[in-house]
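# Next come a sequence and a model predicted from it.
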Amino acid sequence: IERIQLVDGRGSGYGSSIPILKNNIENEVTQSNDLKHKERIWKHMEFCSLCGKRNHSSDLIKCGHCPRIFHSKCLSNNNISKTTSVFICPHHKCSGCNRSTSSAGGLLFRCTDCLTAYCEDCLPSDEIEGIGRFALYEALGYRSKQAYF
C-alpha cells in the first residue's frame, strides 16, 4: 500500500505537485464536509422588521446575514433597495458613515428595535445602553461575533 500521494500544489509556493500522506487526504475531505454543514443556519423572524405584520405572503424578502425579513413593499416605502441577488438589510452597515461590518473593523453596534447600526467611530456615546447579546436572535439560532446590541 502506498502511503504517499502527489496532489495539486499550485498556489502553495511548493510547485505543481506536493507529496502528502494519504491519511491526511482522507482527514482533509472529512473536515471539509464537516465545514459545509456549519453554514449559517437560523430561523428567520415571522414578522416584517419594518411594519411588524405577520404576513406569510410570497413577497417576503429575507436578509442573507441575519434573521430579519421584510415585505418588498415595506422596503420600497422606506427607500431601501435590494441591489444584489442576496438581500442584506441596513443592520449590516453603519448608519453614520455607511461602512460595512468588515470595513468598520468587524463589529457594528446594532439597535434591537430598529435598523440602526453604528461603527465604533460613529457610535453616539450618550444615547446607547448596550445589552451585549440579543435574546430574540439567539432563540432563532443566530449568534454573531460581529454584532453588539
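Thanks, I have it. Numbers count the residues shown, from 1 in each chain.

# dump the residue contacts of the nearest residue to Ser95 once chain neighbours are set aside.
What sits nearest to Ser95 in space, not counting adjacent residues and going by C-beta to C-beta, 6 or more residues apart in numbering, is Thr116, at 4.9 Å. For glycine as for every other residue, the C-beta is placed from the backbone atoms N, C-alpha and C. Going by C-beta atoms under 8 Å, 6 or more residues apart in numbering, Thr116 touches Pro90, Ser95, Arg110.

# switch the cut-off to 10 Å
Pro90, His91, Cys94, Ser95, Gly96, Leu108, Phe109, Arg110, Pro124 (C-beta atoms under 10 Å, 6 or more residues apart in numbering).

# now do Cys94
100-101, 103-104, 108-109, 116-123.

# rerun that using 7 Å as the cut-off
Neighbour list for Cys94: Ala104, Leu108, Ala117, Tyr118, Cys119, Cys122 [criterion: C-beta atoms under 7 Å, 6 or more residues apart in numbering].

# My read is that the first one contacts Cys119, right?
Spelled out, it's Ala104. Yes: taking C-beta atoms under 7 Å as the definition, Ala104 is a contact partner of Cys119 at 3.4 Å.
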